[in-house]
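[1] I'll drop the sequence and a predicted model, then ask my questions.
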Amino acid sequence: MTDATVTPSIMNPRPMLRKFGLPALLLGFVLLATLLSGGKFIQPDNLSVILFQSSIVGVLVIGITFVMLTGGIDLSIVGIMVLSAILMGAAGSERQQMMLLNDIVPYVGPFWALVMALVVAALLGFLNGVISIRFGIPSFIVTLAMGLMLAGVALMVTGGSPIYYPPDFYEVFGETRIFGIVAPVYAFLGLAVLCWWVLKSTRFGVSIYALGGNPHASQLSGIPVVRYQILAFTICGLVAGIAGGLFLSRTGFVAPSSGGDLLLGTIAAVVVGGVSLSGGKGSIVGAVVGVLFLSSLSNLMNILLISPHIQDAISGFFILGAITLSNRLES
């Protein structure tokens with residue numbers, strides 16, 4: 001009796017693979033990359049570069065994970081990020097005010113510009129949630145339209161010209177190093193830990209998984225499904241606003257067309273990290289591992305001087321393989 005009950009759990013490695021598969025895959029990749037690069041990949045300076053390059057997409061991934069766990073998606077997240085960065089730069093810098101082609105955004109100072117941008121970002125996420133959930137419109141359609149609208153708003157606010165002179169705070173923050181690692185990396189990792197705790201240790205977080213897996217059953221069990229779904233979109237918008245600040249810190253400027261290549265990478269990293277498109281499965285840890293994996297892959301290909309044209313094909317192959325493996329483990 002005992003042998004019969006114990007043997008199946010021993011012979012079935014899938015639970016263990018689900019728990020440790022992605023970290024093990026990342027570790028195996030790091031070892032392989034170290035060998036292929038002759039040790040260059042594992043150098044502290046290079047690892048710091050990988051973390052820095054992962055910070056913006058990593059923050060976007062954290063935000064969109066909340067929405068995807070509910071079974072939705074937010075295609076406007078990059079648009080919210082860009083508009084937030086524009087507001088931070090345009091309203092927070094007197095020098096930039098002189099460069100604007102219109103007076104739509106007034107000067108309010110660096111601090112209030114930051115607050116204003118984050119509030120606007122959260123409100124845009126809230127609006128996405130209300131329209132999608134209250135009116136029963138697929139989030140794909142709602143957020144796609146929102147993204148297009150925000151692109152137009154960004155052009156209107158800037159008059160089509162980039163924000164070249166953001167407040168000095170962003171440049172200082174982007175260049176500040178603690179133990180050799182730039183401050184935006186700590187912001188990314190700190191936000192990841194906070195959101196991991198929210199999803200694992202709060203009623204809201206546990207409910208997000210439940211309603212993503214079965215909204216009807218969650219409603220019957222007393223979970224405020226609509227409220228939590230809208231809250232997930234609101235959090236996603238707020239986090240996109242934070243990403244806008246990190247983007248401004250990293251680049252020193254922002255244009256209405258900035259970030260055009262980030263959306264696909266964000267969604268790919270989330271899915272590679274094991275977050276289900278249908279909702280209810282995945283984690284912040286897995287999503288962050290997905291970001292680090294794709295950033296590490298890109299970094300290795302640059303070290304090996306692989307042609308950019310071939311890099312896209314290789315990245316697509318690895319993304320498809322990682323998604324297939326993740327789905328097999330979940331089935």
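    Right, received. Where do you want to start? In this text, all values refer to a predicted model and were calculated from it rather than measured experimentally.
[2] List the contacts of Gly72.
    Ser132, Ser139, Gln229, Ala232, Phe233, Gly279 (C-beta atoms under 8 Å, 6 or more residues apart in numbering). No exception for glycine: its C-beta is placed from N, CA and C like everyone else's.
[3] ok, so of those residues, who is nearest Leu26?
    Nearest to Leu26 among those, counting by C-beta to C-beta, is Gly279 at 24.3 Å.
[4] Got the phi and psi for that closest one?
    Phi and psi for Gly279, reported as degrees, to the nearest 10, are phi 90, psi 160.
[5] and Tyr186, helix, strand or coil?
    When classified by DSSP: H, G, I helix; E, B strand; the rest coil, Tyr186 comes out as helix.
[6] Just the pLDDT at it, thanks.
    Looking at Tyr186, its pLDDT is 93.
[7] Just give the number of residues close to Phe253.
    By other C-beta atoms under 10 Å, the residues close to Phe253 number 16.
[8] Now do the contacts for it.
    Gly89, Pro162, Ile163, Tyr164, Pro166.
[9] quick one, strands of the protein?
    Ranges of strands within the chain are 177-178, 181-182, based on DSSP state E.
[10] which one of these lies closest to Lys40?
    Nearest of those (C-beta to C-beta): strand 181-182, 18.4 Å.
[11] And stretch 298-316, end to end?
    From its first residue to its last, stretch 298-316 covers 11 Å (C-alpha to C-alpha, to the nearest Å).
[12] contacts for that stretch?
    By C-beta under 8 Å, 6+ apart, stretch 298-316 touches Ala33, Leu36, Ser37, Lys40, Phe41, Asn46, Val49, Ile50, Gln53, Leu294, Leu297.
[13] Same check on stretch 31-39?
    For stretch 31-39, using C-beta under 8 Å, 6+ apart, the contacting residues are Phe41, Ile42, Ser296, Leu300, Ile303, Leu304.
[14] in the stretch 151-300 of the chain, what spans have low per-residue confidence?
    The stretch 151-300 of the chain contains no residues with pLDDT under 70.
[15] For Ser139, which non-adjacent residue is closest in space?
    Gly72 (3.8 Å; C-beta to C-beta, 6 or more residues apart in numbering).
[16] Quick check: phi and psi on the one you found?
    According to degrees, to the nearest 10, Gly72 has phi -100, psi -170.
[17] before we move on, the earlier item: only the buried subset of the contacts of stretch 298-316, as a PyMOL command please.
    The buried residues among the contacts of stretch 298-316 can be selected in PyMOL (16 or more other C-beta atoms under 10 Å) with this line:
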select buried, resi 33+37+41+46+50+53+294+297
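[18] In helices, which of the contacts of Phe253 fall?
    Judged by DSSP state H, these include Gly89 as members of helices.
[19] Including neighbour count, could the contacts of Phe253 go into a markdown table?
    Shown next, in a markdown table, are the contacts of Phe253 (neighbours: other C-beta atoms under 10 Å):
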| residue | neighbour count |
| --- | --- |
| Gly89 | 29 |
| Pro162 | 17 |
| Ile163 | 27 |
| Tyr164 | 14 |
| Pro166 | 27 |
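[20] Report the two of the contacts of Phe253 separated the most.
    Pro162 and Pro166 (10.5 Å).
[21] how many other residues sit next to Trp196?
    18.
[22] so how far is Met81 from the nearest residue to it once chain neighbours are set aside?
    The spatially closest residue to Trp196, leaving aside those adjacent along the chain, is Ile284, at 4.2 Å (C-beta to C-beta, 6+ apart). Distance, Ile284 to Met81, by C-beta to C-beta, to the nearest Å: 18 Å.
[23] Nearest spatial neighbour of Gly160, chain-adjacent residues omitted?
    Pro256 (6.8 Å).
[24] Ok, Met88 next?
    Nearest to Met88 is Ala117, by C-beta to C-beta, 6+ apart, at 4.7 Å.
[25] Tell me, how many residues neighbour the residue nearest to Gly160?
    Neighbour tally, Pro256, other C-beta under 10 Å: 23.
[26] before we move on, the earlier item: OK, contacts around the residue nearest to Met88?
    Neighbour list for Ala117: Leu83, Ser84, Ala85, Leu87, Met88, Ala91, Gly241, Gly244, Gly245 [criterion: C-beta under 8 Å, 6+ apart].
[27] and which of the residues you listed is nearest to Ser207?
    Out of the contacts of Ala117, the member with the shortest distance to Ser207 (by C-beta to C-beta) is Gly241, at 23.9 Å.
[28] quick one: contacts for the closest one?
    Per C-beta under 8 Å, 6+ apart, neighbours of Gly241: Ile80, Met81, Ser84, Ala117, Leu118, Val120, Ala121, Ala122.
[29] hang on, the earlier thing: who are the contact partners of the residue nearest to Trp196?
    Applying C-beta under 8 Å, 6+ apart, the residues contacting Ile284 are Ile62, Thr65, Ala192, Cys195, Trp196, Leu199.
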